[in-house]
Structures are given as C-alpha cells and as structure tokens.
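**Student:** Model the following, please.
(one chain, ligands or ions: 1)
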Amino acid sequence: MEHSRDCVKYVIVTGGVLSGLGKGISTSSIGVLLKSKGLKVCPVKIDPYLNVDAGTMNPYQHGEVFVLDDGSEVDLDLGNYERFLDVNLTGDHNITTGKVYRAVIEKERRGDYLGRTVQIIPHVTDEIKTQLQAVGEKERADIVLVEVGGTVGDIEGMPFLEAVRQLAQEIGKDNLLFVHTTLVPIMGAVGEQKTKPTQQSVRELRSMGIQPNVIIARGEHSLEPDIKKKIAFFTDVPVEGIISAPDASTIYDVPLLFDGQGLTEYILKTLRLKPKDEDMQEWKAFLENLKNPDKEVTIALVGKYTHLKDSYISHIEAFHHAGAAARVHVKLKWVESVDLEKHGTKLLEGADGILVPGGFGDRGIEGKIAATRYAAEHDVPFQGVCLGFQLATVGFARDVLGLKGANSSEFDPKTPQPVVDLLPEQRSVKGMGATMRLGAHEIDVDPNSTTAKLYGATTIYERHRHRYEINPAYIPKLEDAGLRYVGRSDDGRRMEVLELKGHPYFVASQFHPELRSRPLRPSPIHLGLVRAAAR
Ligand code: GLN
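**Tutor:** Residues are numbered from 1 along each chain as shown. Predicted coordinates for the structure are as follows:
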C-alpha cells in the first residue's frame with residue numbers, strides 16, 4: 001500500500017524493565033530518522049499520572065516542567081521532541097490520565113453517554129484513541145509517534161496500552177508499529193549480557209496483547225550478535241528489529257546509532273512507507289562541531305535542584321547547542337545555592353561564567369543573590385533566567401541603591417522594598433494549575449543593547465512561566481544606577497531583559513530562552529554567555 005494522508009500511521013514506544021532508560025531519547029531519535037525521510041512526524045507523550053498537566057509538580061518528581069509556546073506545562077520529553085525534531089508543539093501533544101478522565105467525566109455530566117454505564121473499556125480507551133487521532137489529524141501528520149510513559153506492568157499504564165492494542169487491531173499491522181525499550185544488563189566477571197529482563201518484559205507486554213516489532217536494548221555496550229539472536233528467538237521479533245542502544249557520548253548520536261543498524265529501513269519496510277532522500281547533513285554537521293571543540297569553559301549553574309540534573313535539562317541542552325555553535329566545550333559546575341550560603345562564594349571561584357536559573361520557593365534564595373553579586377563585582381559573565389533575573393534585580397537594589405531589606409514579595413511578603421512583586425493580574429488568582437503567566441509572548445528589545453545584537457532582532461518571542469515580576473515603580477531608580485531594562489513587553493510596562501552597564505556580560509531575562517533552544521538555533525543568551533566565558 002502506498003502511503004497517503006488519509007492513512008495516518010503510528011509508532012508506539014513502550015518501556016520495560018525499569019524507568020530512566022532514555023525512552024524519550026529513543027523516541028525522539030526515531031522521530032529524527034522518520035523526519036529525515038521526508039515524513040511529517042507528530043510526537044505525543046502519554047503520562048499515566050492523574051495530574052492534568054506537569055505544572056503542579058516539583059522538579060524532583062519528573063524533572064523540569066517544560067513550557068510550550070501555547071503556555072502548556074508539560075513533561076520534559078516534549079522538550080526532547082522539540083529539540084530533536086525542530087518543531088513547536090502544543091499541549092495536545094501531552095496526554096495524561098488527568099486529561100483523559102477529565103474529558104470523559106465532562107462528557108458524562110453533559111449527558112453524552114446518557115443511559116449507559118461509563119467504563120474504562122470502552123469509554124476511557126476510546127477517549128485515548130480519540131485524543132491521539134485528533135492531534136495527528138490536526139497536524140496533518142504522516143506518523144503519530146507515541147511514547148507511553150512508565151513501565152509495562154504499571155497499573156496506571158494499562159488503559160493506555162489497551163487503547164493502543166485496540167488501535168493496532170483497528171488499523172492493521174501495516175499501519176502501526178510497536179517499539180519496546182528494555183535493559184540488557186551485564187553481569188559477572190566475564191561480562192555476560194543478560195537477556196532475561198528483556199524476555200520477561202516482552203512477555204508482560206504480550207500478556208496485554210501487544211507484540212513488539214522493534215526492541216531497543218539499552219546497555220553499557222553494543223549487543224553481541226548472538227545476544228541479538230537470542231532476544232529475537234525469545235520475543236518473536238526479527239533480528240533486524242533488535243536494536244542496540246549502548247551508552248552514547250551525546251544523546252544527539254543516538255539517531256545515527258539506530259540508523260546504522262538499519263532501523264530506519266526496517267520501520268519504513270514494516271509500515272510500507274516509500275522512503276525519500278535522506279537528509280541528515282545538518283545534524284551531522286552539528287555533531288561534528290559538538291564533538292570537536294577548540295576550547296573549554298566552566299559555567300557554574302547555581303540552582304536548588306542540582307541533585308537531579310533533569311531539573312535543568314533544557315539548560316544542559318542549550319549549552320550543548322551553544323557550545324557546538326561556538327566550538328566550545330561547556331563544563332557545568334553544579335553549585336547548590338544553599339551551599340553558597342554556608343560556604344560563601346569561594347565555590348564560584350574559577351568559573352568562567354555563572355548561570356542562575358529559574359525556581360520557586362525561598363530555599364537558597366540568599367545564595368543565588370550572592371552569586372549575582374559575585375558575578376557583578378568580579379566581572380564574571382553572568383546569565384540570569386526568570387528567578388535569576390528577579391534576584392539579580394534584588395541584589396542590585398540592595399547593593400547599589402542601598403535599599404535595605406529589598407526582596408521579592410514571593411519570599412518576604414512584608415518587605416519594605418518589594419522590587420519584585422506579584423503580577424497585578426495574579427492578585428485574584430486562586431487555583432494553582434495553569435494559572436501563571438505562561439507561554440510565548442512578544443518582547444520589544446532596545447536596538448542599542450547586547451540582547452538585540454545577540455538575537456539580531458528587536459522583536460523576539462520567548463516562553464514564560466512566572467507569577468512575579470519586576471515592580472515597575474523601581475525602574476527609574478534602577479536604570480539611573482546602571483541596570484538597564486532593555487527588553488520589555490505589554491506596551492513597555494513589563495520588564496523582560498536586563499543588562500548591567502559596564503559589565504562584560506551580564507544579561508538576565510524574565511523569560512526562559514533555554515526552552516526554545518535548538519541544536520542548530522541555540523538560545524542567543526546562552527550562546528552569548530558561552531562566548532563571553534571563552535574570551
Ligand atoms: N518564582 C518566580 C515567579 O513565580 C520565578 C519563576 C521561575 O523562575 N520560573 O515569578
């Protein structure tokens with residue numbers, strides 16, 4: 001069958017054995033390979049938790065909360081999809097149990113199921129299929145690429161697996177392909193690769209009526225040929241469908257690693273798709289730059305969730321993108337902000353640049369302020385993001401304007417000098433879900449600023465997630481003393497970017513430039529920091 005638009009195809013990625021195997025990277029990589037064949041790929045992440053979205057969870061739960069242009073607060077895997085596929089997604093691309101149940105219950109209350117008993121099968125599973133189909137149709141996708149979060153066997157994931165099983169039955173095996181990701185650990189002195197966990201997790205998947213077409217086996221090393229055969233034998237997957245996913249030096253290697261084992265061809269063949277010309281040239285050029293830096297810089301990332309690196313995944317990736325563009329290897333030095341409070345700023349010594357990222361809550365605030373002060377006083381290249389932008393203002397108000405007790409009213413509601421204050425439109429907000437100032441907004445940039453040079457533009461769009469802002473009442477005084485607010489939105493009343501006069505590189509933004517950073521289009525402010533740090 002020749003592929004046509006009226007027949008959307010599906011690739012469904014499930015996970016086995018344990019979490020944290022890089023299923024999101026495997027999914028993104030498959031997306032890159034399909035895209036390279038001229039196919040329009042529509043990635044969707046399923047999160048089987050009851051939260052409607054990721055916005056109300058702290059980063060220790062599932063890592064960073066990613067924000068899309070439309071303001072949706074979503075799982076960090078959507079960030080991976082955006083970066084790998086160079087697309088801008090919407091909230092429809094993240095389906096949660098909360099969203100599905102909410103839709104079903106709303107329909108029930110409206111009377112859509114009048115007279116009937118509403119059940120997980122068929123009503124919840126139908127809703128899941130409807131949401132998957134709707135996003136694929138809206139995007140006019142050739143392939144809907146679905147990553148099912150969690151591990152096969154989790155109770156929460158069952159309705160989703162059942163829904164995709166039904167979908168496979170309905171649209172037929174030429175139109176839907178299952179990819180199962182597993183772990184092949186190495187045991188014992190001889191370093192034998194063990195296939196039992198894979199066998200068992202495939203058995204579990206088959207007990208749900210799903211026969212995988214592809215197995216992606218994570219492990220330290222590549223699978224031995226006879227191990228591939230053994231897995232194929234036990235799982236009924238052809239040997240070409242057994243793909244090795246050894247530890248890679250960078251996640252951006254993974255698409256090529258899969259392609260090298262014939263995965264692209266195998267998927268196209270199984271789904272009866274006619275391949276078009278391969279176009280991986282830019283990707284390869286990016287990898288080349290990433291892997292051959294001329295220089296190394298150390299950037300201190302002063303955060304409060306530094307024990308879970310996934311909390312800052314978009315910054316880590318933005319530095320990879322910026323590093324490749326500048327041909328600089330960026331070494332991140334993780335500094336817990338409370339440690340700066342305990343041990344002082346000597347922890348920042350030797351850093352070529354400092355980043356104070358976003359955050360919520362008052363733990364470690366004074367440490368972050370100390371980091372902004374250290375950067376300002378020692379001419380160390382500095383970038384602040386969201387909370388980092390707000391705290392750079394607080395530090396400056398205290399140190400340069402001499403405003404004792406200056407603070408954000410988020411941390412000190414009774415501060416005599418609320419230089420950072422609640423957004424006016426937030427005062428009446430009661431609920432916590434999806435109620436911040438979110439998503440992409442237009443920002444006017446002063447043509448006579450570093451920021452305008454970095455972006456090569458005076459109108460920019462960046463993503464936001466905040467409840468507080470710089471109090472406009474303080475702007476004249478702050479600017480007179482040398483803190484320039486060179487980016488503004490909403491007719492100039494909302495501060496978006498600041499630069500410190502006379503400093504080699506001190507740029508902070510209310511928005512999150514890391515969220516729109518892409519391998520070939522790095523965040524301009526991260527790139528500026530890397531370049532300044534390398535000078
Ligand atoms: N907590 C601050 C606010 O709500 C900063 C938010 C952030 O850094 N994302 O405005």
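**Student:** how close does residue 335 get to the ligand?
**Tutor:** Counting by CB to the nearest ligand atom, to the nearest Å, the gap from residue 335 to the ligand is 17 Å. C-betas here are computed from N, CA, C, even on glycine.
**Student:** Return the set of residues that bridge with that residue.
**Tutor:** As for beta bridges, residue 335 partners with residue 302 under DSSP bridges.
**Student:** got a pLDDT number for it?
**Tutor:** On the pLDDT scale, residue 335 is placed at 96.
**Student:** That one touches residue 347, doesn't it?
**Tutor:** Yes - with contact defined as CB atoms under 8 Å, residue 335 and residue 347 form a contacting pair (5.3 Å).
**Student:** hey, what's in contact with both of the two?
**Tutor:** residue 300 (CB atoms under 8 Å, 6 or more residues apart in numbering).
**Student:** higher neighbour count, the two?
**Tutor:** residue 335 (25 against 21; other CB atoms under 10 Å).
**Student:** Spell out which residues sit in contact with the more buried one, please.
**Tutor:** 300-303, 306, 347-348, 371.
**Student:** quick check, nearest of those to residue 277?
**Tutor:** Comparing the contacts of residue 335 against residue 277 with CB to CB places residue 301 closest, at 40.3 Å.
**Student:** Up against the ligand, what does the stretch 401-535 of the chain have?
**Tutor:** 410, 465-468 (CB under 6 Å from any ligand atom).
**Student:** next one: the chain
**Tutor:** Contacts of the chain with the ligand, taken as CB under 6 Å from any ligand atom, map to 358-360, 386-387, 410, 465-468.
**Student:** hmm, who's touching the helix or strand of the chain with the lowest mean pLDDT?
**Tutor:** Least confident helix or strand of the chain, by mean pLDDT, DSSP states H and E, is helix 59-62 with a mean of 80. With contacts defined as CB under 8 Å, 6+ apart, helix 59-62 is touched by 47, 54, 65, 75-76, 305, 308, 310-311.
**Student:** Looking at these, which two lie furthest apart in space?
**Tutor:** Among the contacts of helix 59-62, the pair separated by the greatest distance (CB to CB) is 47 and 305, which sit 19.4 Å apart.
**Student:** circling back to that earlier point, between the contacts of helix 59-62, which is nearest the ligand?
**Tutor:** Using CB to the nearest ligand atom, residue 65 is the member of the contacts of helix 59-62 that lies nearest the ligand, at 8.8 Å.
**Student:** Out of the residues of the chain next to the ligand, which sit inside strands?
**Tutor:** Of the positions in the residues of the chain next to the ligand, 465-466, 468 sit in strands, assigned by DSSP state E.
**Student:** if we take those, which one ends up nearest to residue 124?
**Tutor:** The nearest one, if we look at those relative to residue 124 and count by CB to CB, is residue 465, at 30.1 Å.
**Student:** Count the residues that sit near the closest residue to that closest one other than its chain neighbours.
**Tutor:** Nearest residue to residue 465, sequence neighbours excluded (CB to CB, 6 or more residues apart in numbering): residue 67, at 4.9 Å. Around residue 67 sit 26 other residues, with neighbours defined as other CB under 10 Å.
**Student:** Run through the bridge partners of residue 67.
**Tutor:** residue 73.
**Student:** From the residues of the stretch 401-535 of the chain next to the ligand, keep the buried residues only.
**Tutor:** For those, a burial check counting by 16 or more other CB atoms under 10 Å picks out 410, 465-466, 468.
**Student:** I'd like those as CSV, with pLDDT appended.
**Tutor:** Shown next, in CSV, are these (pLDDT from 0 to 100):
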residue, pLDDT
410, 95
465, 96
466, 96
468, 96
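**Student:** which of those sit farthest apart?
**Tutor:** 410 and 465 (13.6 Å).
**Student:** show me where the stretch 351-500 of the chain has helices.
**Tutor:** In the stretch 351-500 of the chain, the helices defined using DSSP state H, counting those that start in this stretch lie at 365-377, 387-399, 450-455, 475-480.
**Student:** what do you get for the stretch 151-300 of the chain?
**Tutor:** So, for the stretch 151-300 of the chain - with DSSP H, counting those that start in this stretch - the helices run 158-171, 196-207, 225-235, 254-259, 263-270, 281-291.
**Student:** which residues touch the first one?
**Tutor:** Counting contacts by CB under 8 Å, 6+ apart, the residues outside helix 158-171 that touch it are 7, 10, 12, 14, 46, 48, 97, 100, 120-121, 124-126, 128-129, 132, 146, 148, 152, 176, 178, 205, 208-210.
**Student:** Mind checking which of those land in strands?
**Tutor:** Among the contacts of helix 158-171, the members found in strands (DSSP E) are 10, 12, 14, 46, 146, 148, 176, 178.
**Student:** Neighbours of the residue nearest to the last one when sequence neighbours are not counted, how many?
**Tutor:** To tie it back to what came earlier, the one meant is residue 178. Of all residues not flanking residue 178 in the chain, residue 212 sits nearest, at 4.6 Å (CB to CB, 6+ apart). Neighbourhood size, residue 212 [other CB under 10 Å]: 26.
**Student:** Turn the contacts of helix 59-62 into CSV, columns for pLDDT.
**Tutor:** Output for those, formatted as CSV (pLDDT from 0 to 100):
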residue, pLDDT
47, 95
54, 88
65, 93
75, 92
76, 93
305, 81
308, 83
310, 88
311, 91
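**Student:** Show the buried residues in the residues you listed.
**Tutor:** Taking 16+ other CB under 10 Å as the criterion, what is buried in the contacts of helix 59-62 is 47, 54, 65, 75-76, 305, 308, 311.
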